[in-house]
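K.L.:
give me a 3D structure for the following:
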Amino acid sequence: MKMIWAVVRSSNVEAIARALKKIGVSGCTVYPVRGYGEEWHLYEPLIHGGHHKLEAIVEEEQLEMAVKEIIENGSTGREGDGVLSVFDLGSVVDIRPKKHAD
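P.N.:
Coordinates of the predicted model:
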């Protein structure tokens, strides 16, 4: 299993979540974040808002399509569109049924 971690513009979160649901991603966590990246300039406030962090756990076979959907629905072509990373997961435990997946 893989973890997709993406910081995207807040205005694109709903479209991304809908696209992920449509391809079968069973859930994701989304929350507002603040920070700065390459576009930070001396005369701007240090901490920028307007972005959300999205985390989704996906099966190997969902990974390529999920990344594609996040990029397609998250890109405006402007600076500050965000960043996406993919991580390997050693194990995942669904707490309610106590089901462990490797």
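K.L.:
which residues does residue 86 bridge with?
P.N.:
Per DSSP bridges, the residues bridged to residue 86 are residue 4.
K.L.:
surely it is in contact with residue 67?
P.N.:
Yes - counting by Cβ atoms under 8 Å, residue 86 touches residue 67, with 6.9 Å between them. Quick note: C-beta positions are derived from backbone N, CA and C, even for glycine.
K.L.:
now do the lowest-mean-pLDDT helix or strand in the chain: which elements does it pack against?
P.N.:
Using mean pLDDT, DSSP states H and E, strand 99-101 stands out as the lowest-scoring helix or strand of the chain, at a mean of 75. When contacts are defined as 3 or more Cβ pairs under 8 Å, 6 or more residues apart in numbering; DSSP states H and E, strand 99-101 sits against strand 92-94.
K.L.:
who's in contact with the strand it packs on?
P.N.:
1, 57, 99-101 (Cβ atoms under 8 Å, 6 or more residues apart in numbering).
K.L.:
before we move on, what about stretch 82-89?
P.N.:
1-9, 37, 51, 57, 63, 67, 70-71, 74.
K.L.:
which positions in the longest helix seen in the chain come out as buried?
P.N.:
In the chain, taking DSSP state H as the definition, the longest helix is helix 60-74. Going by neighbour count (16 or more other Cβ atoms under 10 Å), the buried part of helix 60-74 is 62, 65-67, 69-70, 73-74.
K.L.:
which among the contacts of stretch 82-89 end up buried?
P.N.:
1-2, 4, 6-9, 51, 57, 67, 70, 74.
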